[in-house]
Every structure is written in structure tokens, then in C-alpha cells.
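Novice: return a 3D structure for these sequence lines:
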Amino acid sequence: MKRLILLAAVLILTGASVMTVRLAYFTVDQDGGAMILSWETEVEADVRQFELFRKTSQGSEFHLIATQTPRGIGQVYRYRDSQMYRSPASMVDYRLEVVFTSGVRQQLGERKVNYTSTAARRSWGSIKAMFQN
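Specialist: Numbering: from 1, shown residues only. Okay, here's the model as predicted:
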């Protein structure tokens, strides 16, 4: 009986250690009217896909915006969210999750960013230009 319990514990621990992802970084940067999400993994085992979610200050829930297939450790993953120009939101939350081959999900990171639409920046620039000599 003890041997069976020990064997079960070893199998559980071995299986849990195989499903692993550790991020080197996860960043969100604004590029004009788009947001650039990028990340890199230091450890990446048994990954089915990465999923990116977005929530704006007007919404209460995260919505899936993209999936990425795994490419291996040391590879830089990038996604350009060019749909932000449609949003009047000032705060945007992004979440990165991993889905393992077993179907288990894990949240890897979340970033909050201030978003200023290009229309607002252009309008402010026009107003400033009217008062300059």
C-alpha cells in the first residue's frame, strides 16, 4: 500500500513538473494607434498555445484577442493589437495565459497600460498649434 501511494505521488509530481512555463518578460508598448505585446519564455514544456486577452476600462471581462502556437524557449513572441483605435478607453488590461496539452490553463502575466488614441493626440496637437507663433 505504501509503495502504491509513493508511486502515485511520484507520478503526480513528475507530471506537474513537465507542464511548466516561466517568462523572461512580458511587455506592452504603444506604437501609434496600436499596442505591441511581446514576451519570451525561459522554460516552455507541454504547451499547446498561448492566449492573449484584453479588457478595457469600459468592460468588466477579458476577451480573447489572439492565440500563438509555441515556438520554443528563447523565441520572442509578438502580437500587434491594432484594434485599439476603435476604443475610447483610457486604461487597457492585457493578460497572457498558457494552455497546456492536458487542457490545464495558467495565467502568466497581466499588464495595465494607459491608452491615448491617435485622434486625441492629433486634436491636442492642433489646439497647441493654433496658439504658437
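
Novice: quick one: contacts for Tyr79?
Specialist: Residues in contact with Tyr79 (Cβ atoms under 8 Å, 6 or more residues apart in numbering) are Ile36, Leu37, Ser38, Leu52, Ile65, Ala66, Gln68. Backbone N, C-alpha and C define where each C-beta goes, glycine included.

Novice: how about a cut-off of 10 Å?
Specialist: Neighbour list for Tyr79: 28, 34-39, 50, 52, 65-68, 94, 96 [criterion: Cβ atoms under 10 Å, 6 or more residues apart in numbering].

Novice: for the closest residue to Gln75 other than its chain neighbours, list each beta-bridge partner.
Specialist: Of all residues not flanking Gln75 in the chain, Glu40 sits nearest, at 6.9 Å (Cβ to Cβ, 6 or more residues apart in numbering). Going by DSSP bridges, Glu40 is paired in beta bridges with Tyr25, Val76.

Novice: might one say that Glu40 is in contact with Leu23?
Specialist: Yes - contact criterion Cβ atoms under 10 Å: Glu40 and Leu23 qualify, at 7.1 Å.

Novice: could you look up the SS state of Val28?
Specialist: strand (DSSP: H, G, I helix; E, B strand; the rest coil).

Novice: tell me the pLDDT of it.
Specialist: The confidence metric pLDDT takes the value 95 at Val28.

Novice: let me know how buried the residue nearest to Gln75 is, in neighbour terms.
Specialist: Glu40 has 16 neighbours, counted by other Cβ atoms under 10 Å.
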